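> Sequence plus the predicted model coming up.
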Amino acid sequence: MKALLFGGAGYIGTHVALEFLQQGYTVGIFDDLSSGLRENVSREAQFFEGSILDRDRVAAVLAEGWDVAVHLAAFKAAGESMINPDKYALNNITGALTLISECVRHGVKKFILSSSAAVYGEPTYLPIDEKHPKQPENYYGYTKLAIEENLVWYSKLKGLDFVSLRYFNAAGYDTEGRMTGLEGNPANLIPVVMEVAIGKRPNILVFGADYPTPDGTGVRDYVHVSDLADAHVRAAEYLLNGGESVIVNLGSENGLSVMEIIDAARRISGRAIPYEIVARRPGDPAKLVASSAKARAVLGWQAHLSDLDTIISSTWRVYQAQVAKSGRTL
């Protein structure tokens, strides 16, 4: 079987590629390298450089024949999407529609979308399941919801079978050490904590310590990137075996607070990791935790590597290696 990964050189994409390769798939990676890393692309995968906005290039690669397409080529910084919505409209919505229509045109009728819990917005109940109201609070989340809505229509009108995987907070690195390159300009908590640990940043800002949570800091559901990769392969097998289009959450179903993350990073790295408590950010809920019951029922998936220590230790290992590679000492 052949899987083509759009955005496959990115942080999540390279882990997804490893899992497909490990399961015996022929893998193609299509990426413009605007944020992806060539060094993390497995030599076993075929690499195609190009933009998802380049319809001719997309069509030429799809014409080579693939069994399943995986779309991981979206911009994902929620804050940036509120400042520069045009960038997100063009890449995330127009780019996705290009992929969807060209997949249909070239007979690639099995499609997996890297989606996001950002489609839900402020939680009205916990844990969040797929029936939760969809009211995204940032433009990024809206773009993911818009793609899902289009997939539903293409499924009805063109026979495109899809699985949309709504990630909660992706974290961690390959536990076998096969990833060496770091995500550029990270905005998520754990990479920022690691940048403080290696001295790249002076401290970490903790946005609010007065939430109704055990330690007052915000709680989020972190899912290991290799668990996410496993879900993509399961989604492909589900579709290739005749499964109907479906949307599922991917989360650990366990909430971790900001301070729990910092404390674990201190313990595992042996670094001080100073922090400063500042005002809450508007729109940040106190707690976000997933229900992944549907993913278990439909895909047979559950998180195996998403415990706190595995997430932090696998991440710290890569940051340590980067420091060693630069010739610096901690």
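Thanks, I have it. Residues are numbered from 1 along each chain as shown.

> Okay, buried residues for stretch 145-160 please.
By 16 or more other C-beta atoms under 10 Å, the buried positions in stretch 145-160 come out as Leu145, Ala146, Ile147, Glu148, Asn150, Leu151, Tyr154, Ser155, Leu160. C-beta: built from backbone N, CA, C; applies to glycine.

> Hmm, I typed the wrong one, I wanted stretch 270-280.
For stretch 270-280, using 16+ other C-beta under 10 Å, the buried residues are Arg271, Ile273, Tyr275.

> Dump that stretch to PDB, restricted to CA.
Provided in PDB are the C-alpha atoms of stretch 270-280 (Å, rounded to 0.1, in the frame of the first residue of the first chain):
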ATOM      1  CA  GLY A 270      18.000  18.600  36.300                       C
ATOM      2  CA  ARG A 271      17.700  22.200  35.200                       C
ATOM      3  CA  ALA A 272      16.200  25.100  37.200                       C
ATOM      4  CA  ILE A 273      13.600  26.300  34.600                       C
ATOM      5  CA  PRO A 274      12.700  29.600  36.100                       C
ATOM      6  CA  TYR A 275       9.100  30.900  35.500                       C
ATOM      7  CA  GLU A 276       7.100  34.000  36.000                       C
ATOM      8  CA  ILE A 277       3.400  34.100  36.700                       C
ATOM      9  CA  VAL A 278       1.600  36.700  34.600                       C
ATOM     10  CA  ALA A 279      -2.100  37.500  33.800                       C
ATOM     11  CA  ARG A 280      -4.300  35.000  32.200                       C
END
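
> just to revisit the earlier point, in CSV, list the buried residues of stretch 270-280 along with pLDDT, secondary structure and distance to Ser257.
Supplementary listing: the buried residues of stretch 270-280 in CSV, determined by pLDDT from 0 to 100; DSSP: H, G, I helix; E, B strand; the rest coil; distance: C-beta to C-beta, whole Å:
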residue, pLDDT, secondary structure, distance to Ser257
Arg271, 97, coil, 19
Ile273, 97, coil, 15
Tyr275, 97, strand, 13
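
> Can you show me the strands along the stretch 151-300 of the chain?
Secondary structure of the stretch 151-300 of the chain (DSSP state E, counting those that start in this stretch): strands at 161-167, 169-171, 204-207, 219-224, 246-250, 255-257, 275-278.

> need those strands in JSON lines with distance to Arg105, can you?
Listed next are those as JSON lines, based on distance: least, C-beta to C-beta, whole Å:
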{"stretch": "strand 161-167", "distance to Arg105": "16"}
{"stretch": "strand 169-171", "distance to Arg105": "31"}
{"stretch": "strand 204-207", "distance to Arg105": "45"}
{"stretch": "strand 219-224", "distance to Arg105": "34"}
{"stretch": "strand 246-250", "distance to Arg105": "23"}
{"stretch": "strand 255-257", "distance to Arg105": "43"}
{"stretch": "strand 275-278", "distance to Arg105": "50"}
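
> Tell me which of those strands sits nearest to Gly177.
Nearest of the strands of the stretch 151-300 of the chain to Gly177, taken as C-beta to C-beta: strand 219-224 at 14.5 Å.

> quick one: contacts of that closest one?
Contacts to strand 219-224, defined as C-beta atoms under 8 Å, 6 or more residues apart in numbering, come from residues 117, 167-172, 189-190, 211, 213, 250-257, 286-290, 303-306, 308, 310-311, 314.

> again, but for stretch 126-133
117, 120-121, 123-125, 166, 247-249, 251, 253, 287-291, 293-294.

> Among those residues, which lie within helices?
Among those, the members found in helices (DSSP state H) are Ala293, Lys294.

> Now list the buried members of the contacts of stretch 126-133.
Of the contacts of stretch 126-133, these count as buried by 16+ other C-beta under 10 Å: 117, 120-121, 123, 166, 247-249, 251, 253, 287-291, 294.

> quick one on the thing from earlier: nearest to Phe75, out of the buried residues of stretch 145-160: which one, please.
Nearest to Phe75 among the buried residues of stretch 145-160, with distances taken as C-beta to C-beta, is Ile147, at 12.4 Å.

> a helix runs through that closest one, doesn't it?
Yes: counting by DSSP: H, G, I helix; E, B strand; the rest coil, Ile147 is part of a helix.
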